[in-house]
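*Asks:* I'll drop the sequence and a predicted model, then ask my questions.
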Amino acid sequence: MADSVVAEKAKLEPEGSRGALQSTCYATRFFALMLFAPISTWLYASHGPTSVILLMGMIPLVVMLPLVFRFREEFHPVVMTPRQQCNEIWKTVCSRAVWQPMGFVYLYNVLQIGNSAWKQFLVTVLGFTSVELNSLLIASYVLLYLGVMAYKYYFIKWSWRKVYIFTTAINGVLSGLQI
């Protein structure tokens, strides 16, 4: 839902700053992950999973419930036909401000090869605890945030092919350093 609202709003961005809104939204999301992952790690280690689940359930209520009263609902709104709605979605998807950042994020995540055996190796052979695994997760959130900020302020002017090749090359170098 939020992605569709941002994509709709992104259509109104000037040509020179296309994609800035979406990259700002991703940066905000990854900043929050970076901020709250250590808190959830501490809660999990000290109070168990119940406290994390309660916190995840309460934060949306505390943040969103007061905002519900500010929502305005149109009574008897004009509803477009399904064909008009599909045409509107297609126009939105065809906008460079929408498909370039979303396409990059999608392709980059789809083309990653997960290694579930690595996590099992970390736990069973190396004896990693849940706190140590979460520390790796926190480090990945920090890098995600830095990557989105680099895209927002530097790579946004590059073609998506160059961004993909560059980031894949860096990923290859960093993966090689693990060996």
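*Replies:* Structure's in. What do you need? Numbers count the residues shown, from 1 in each chain.
*Asks:* Next, the buried residues of stretch 88-106.
*Replies:* Neighbour counts over stretch 88-106 (16 or more other C-beta atoms under 10 Å) mark Thr92, Ser95, Ala97, Val98, Trp99, Gln100, Pro101, Met102, Phe104 as buried. For glycine as for every other residue, the C-beta is placed from the backbone atoms N, C-alpha and C.
*Asks:* how close does the first one sit to Val98?
*Replies:* Read it as Thr92. Computed as C-beta to C-beta, to the nearest Å, the Thr92 to Val98 distance reads 6 Å.
*Asks:* So which of the buried residues of stretch 88-106 sit within helices?
*Replies:* Residues of the buried residues of stretch 88-106 located in helices (DSSP state H): Thr92, Ala97, Val98, Trp99, Gln100, Pro101, Met102, Phe104.
*Asks:* from what I can see the second one touches Pro14, true?
*Replies:* No. In this structure, Ala97 is not within contact of Pro14 by C-beta atoms under 8 Å, at 9.9 Å.
*Asks:* Tell me, how many residues neighbour Asn171?
*Replies:* If you count neighbours by other C-beta atoms under 10 Å, Asn171 ends up with 12.
*Asks:* Equivalent analysis for Ser40, please.
*Replies:* Number of residues near Ser40 (other C-beta under 10 Å) recorded here: 19.
*Asks:* do the same with Trp158
*Replies:* Neighbour tally, Trp158, other C-beta under 10 Å: 13.
*Asks:* what's near enough to touch it?
*Replies:* Residues in contact with Trp158 (C-beta atoms under 8 Å, 6 or more residues apart in numbering) are Phe166.
*Asks:* How about the contacts made by Thr168?
*Replies:* Thr168 touches Leu111, counting by C-beta under 8 Å, 6+ apart.
*Asks:* which helices and strands does the top helix by length along the chain pack with?
*Replies:* Ordering each helix of the chain by length in residues (DSSP H) puts helix 20-47 first. Applying 3 or more C-beta pairs under 8 Å, 6 or more residues apart in numbering; DSSP states H and E, we find helix 20-47 packed against helix 2-10, helix 49-68, helix 96-110, helix 130-153.
*Asks:* Go again with 6 Å.
*Replies:* Contact here means 3 or more C-beta pairs under 6 Å, 6 or more residues apart in numbering; DSSP states H and E; on that basis helix 20-47 packs against helix 2-10, helix 49-68, helix 130-153.
*Asks:* Just send these back as JSON lines, with mean pLDDT too.
*Replies:* Listed next are the helices and strands packed on helix 20-47 as JSON lines, based on pLDDT from 0 to 100:
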{"stretch": "helix 2-10", "mean pLDDT": "69"}
{"stretch": "helix 49-68", "mean pLDDT": "86"}
{"stretch": "helix 130-153", "mean pLDDT": "84"}
